[in-house]
Every structure is written in C-alpha cells, then in structure tokens.
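[1] how would this look folded up:
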Amino acid sequence: MSLVVVLILRCAGLYSAPKTSVNSICIILYISTLVVVIIVAISTELQSLLDIHGLQQHVSSPTRRTPDPNSLLDLVISSSNNISSTPVSSVTVIPSHYISDHDLVTFSLSSKSQIKRTTTTYSFRKLANMDVQAFRDDLTDFELFTSPVDTADELAEQIDQVTSAILDKHCSLQTRTKLTPTKPDNRWLTPEALAAKRLRCRLERRWKKHQRESDRQAYRKACRSANRAITESRTKFYCERVQAAGKDCRSRWSAIKDILHLASPPDSSSVDYNQHICDSFATFFQNKIVNLKTSLTMKLAHSPPNSLFADKPHMSEPLSAITPPSADEVLKLIRSMPAKSSPMDSIPTSVIKLCPDIFATLITRLATISFRDGAFHSIY
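    Numbering: from 1, shown residues only. So this is what the prediction gives:
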C-alpha cells in the first residue's frame, strides 16, 4: 500500500518569514484517499540536526517563491541508514501559481510489505482407515499371483504398478498444503519462563517510553531472570526427553538430534543435481578400486616372493551358484525392519509390514529371478 503525503508551510504573510513553532504542525488524515496533509514550520538549524541524527532529505529544487532568489525551505526527511530501501519516493515540487509563496511538495510513502509466508506440501495415506483384509484379497486375486511375468525388470514393474493401483483403490493418496511456521519451537518453555518473558517485554516498553534509570535497571534485572528461567526450562525439557528414552536407541537419537538442531529437513535438490552426486560417488569409488588394484599389482611385481605372505590355497568347493533366499528368510527381514519409507518408494514400508507373508512371497520370487538371470532390476 502507498501513502501520498502533502506538505504545506503556513506563514504569517505572503512574503514574511515563517514562524518557527512546534505547535504549527497539523496532521489531517483522509481515510478514503489515504492522503496526509502536514502543515509544518522549518527551522534554520534543521540541516545540522539532520547530520547529527543520520537523516536525509529528498527535495532538491526550491520550494519558496520570492522576488529575491528562490530558496529551499520545505523538506522531506527520512532515515539515511539504507538509502536503497527508503520508503520515500516520487518527490515532486508543484508550483502554487502564487496562491502561496511556498510550492506544493508531494511524495509517496510506502508502508512495510507483509512477510510472505512459505508453504509446505506433503502427501499421505490414512492407512488406519484401510480395510486390510480386502487389500490382501485383491493382492492375491490380481495378476501378481494369477499370471506373474518371468523377468526381473517386468516383475518389479508389475509389483509396483499393481500394488499402487490396489492401494489407491483402498486408501487413496491425499495431498495437503500448510503454512510453514515462522516462530521457533518453544514447547519446552515452562509457565514460569513464559511469565518471565512477558515481564521482560513489559519493563522494556516502560523503559523506552519514559527513559528513566530506575526503569532501565528493572528491565536489565528482568532480562537476567528471564534468561535464567529460559535456560533452566530448556535444560529440564531435554533432560527429561533423554531420560524417558531409556534404552530405546531410536528415541534417544531423536532427542539428541533436536538438541543438536539436526532435525530440520534439508533443502530438496533437483533431479539433475541428485544424479550428478550419485555419478560422482560411483566414479570416485570405482577409480579408488582401480587405483588400489594398480598400486598393489606394481608393488607385488617389484617385491621378492615370500611364502609367509602367500595366499592359502582354497580347499572347499568353488562358489559357482548362489542359493536363492527362502520366503521364511524374507519374512523375518520384513518383520525386523523399521517402518520407515523414502519419498521415492511407490509402496510404503508400513504397507509391506501390514501384509508381510504376501510381500515375502513376491520379494522371494523377484530375488530368485534376479539370481537366475544374473541381473538386478533397473527400476530399483
């Protein structure tokens, strides 16, 4: 929103000197047009006051018309701390056509812009409301069990597509958008700490209003008390969280991450950047293995043979075949793994743990085909 301000200097006569008085200031607000009319007298010592207090004025042309040389008396003043972000703009001197010996000075005053709130979009499924038995029946009735494919890539795609379709049927994916909180987390503040903060703010306002030494001393005393109460409240909160975790490593690590401020989500990167990072890691380790092999080969070629460092001969059967996993082994792994999922997973881990026997059969079949063909499915 912009605020148009008009300054008019009222003087005693047409060409007489203006009266310097603070009581000559008059402000009139018109709410409908957002116009402010200010009648003010200018002091001759104003420029020195501007330099002392770090202020700047924006009028550059004369504003008073007299038979003598024209002079600049009417000023528009603002802070000079940051010229690029000053709220004053469009300063214009409009001739009064001898209606007054002072010309009309207009300018635009911009108000502070409202901070733009950021939003966070997330997706979820209400698995608690899903009919698990109906979901299991649909899984076993579809082509995953009736007509499964016989290659690793096709079977992996079939598991993802069929399971996602059935999951959307019984528990659709919902998307929500919420405002990102701008205030820091203060759930650890005790009622005593909140009361101390309110008292500190109240005494600060009183001191800034009256500028009394007694108010300043009371405010500083309240600052020390509030800081002490806040520190004790935070210490008590996190100590109780760590103690409540007990021997649960996951809960204890979650509390420690909050203490170390490691729980904030990282900034999401683009797909191209993630691909570049993955390729860089793969190239680094591949080159590292090649360099190690080359270095070892060169050292062994120039070293004399030593029977103490010779490899022992392999006496057992050579590893020529890999035994496929059994459904019981996969079922044990599913039941022991945590219910954590990545945003890249089309099937949430919690869904797999709801039907462990069904997914154990599917994963066992997928691993068996991969070992048989000697190829890992590309989509994973």
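
[2] Quickly find the element holding Q56.
    Here Q56 sits within strand 55-57, counting by DSSP states H and E.

[3] which strands and helices sit next to whatever helix or strand comes next after that strand?
    On the C-terminal side of strand 55-57, the nearest following helix or strand under DSSP H and E is strand 77-79. Applying 3 or more C-beta pairs under 8 Å, 6 or more residues apart in numbering; DSSP states H and E, we find strand 77-79 packed against strand 55-57. Quick note: C-beta positions are derived from backbone N, CA and C, even for glycine.

[4] what distance separates the strand it packs on from the middle of the whole chain?
    Strand 55-57 sits 37 Å away from the centroid of its parent chain (C-alpha atoms, centre = their mean, to the nearest Å).

[5] Then stretch 167-183?
    With C-alpha atoms, centre = their mean, you get 18 Å for stretch 167-183.

[6] same deal with stretch 357-376?
    Here the centre of stretch 357-376 is set off from its chain's centre by 41 Å, with C-alpha atoms, centre = their mean.

[7] What mean pLDDT does that stretch get?
    Confidence for stretch 357-376, expressed as mean pLDDT, is 89.

[8] circling back: given the strand holding Q56, what are its sheet partners and their directions?
    Here strand 55-57 has these sheet partners by DSSP bridges: strand 77-79 (antiparallel).

[9] Mind checking the pLDDT average for the partner strand?
    Mean per-residue pLDDT for strand 77-79: 75.

[10] Buried residues of the helix or strand where K353 lies, list them for me.
    Assigned by DSSP H and E, K353 belongs to helix 349-354. Neighbour-count burial for helix 349-354 flags 351-352, 354 (criterion: 16 or more other C-beta atoms under 10 Å).

[11] What is the nearest of those to A360?
    Nearest to A360 among the buried residues of helix 349-354 is I352, at 9.0 Å by C-beta to C-beta.

[12] hang on, isn't the closest one packed against L362?
    No: in terms of C-beta atoms under 8 Å, I352 does not count as a neighbour of L362; the distance is 9.5 Å.

[13] Can I get stretch 171-184 in PDB? Just the C-alpha atoms.
    Extracted C-alpha coordinates of stretch 171-184, given in PDB (Å, rounded to 0.1, in the frame of the first residue of the first chain):
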ATOM      1  CA  CYS A 171      -6.500 -45.900   0.600                       C
ATOM      2  CA  SER A 172      -6.100 -43.000  -1.900                       C
ATOM      3  CA  LEU A 173      -3.100 -40.700  -1.700                       C
ATOM      4  CA  GLN A 174      -4.100 -37.300  -0.200                       C
ATOM      5  CA  THR A 175      -2.200 -34.000  -0.500                       C
ATOM      6  CA  ARG A 176      -2.200 -31.200   2.000                       C
ATOM      7  CA  THR A 177      -0.600 -27.800   2.000                       C
ATOM      8  CA  LYS A 178       0.200 -25.900   5.200                       C
ATOM      9  CA  LEU A 179       1.900 -22.700   6.100                       C
ATOM     10  CA  THR A 180       5.500 -23.100   7.300                       C
ATOM     11  CA  PRO A 181       5.800 -21.900  10.900                       C
ATOM     12  CA  THR A 182       7.800 -18.700  11.300                       C
ATOM     13  CA  LYS A 183       8.200 -18.800  15.000                       C
ATOM     14  CA  PRO A 184      10.800 -21.000  16.700                       C
END
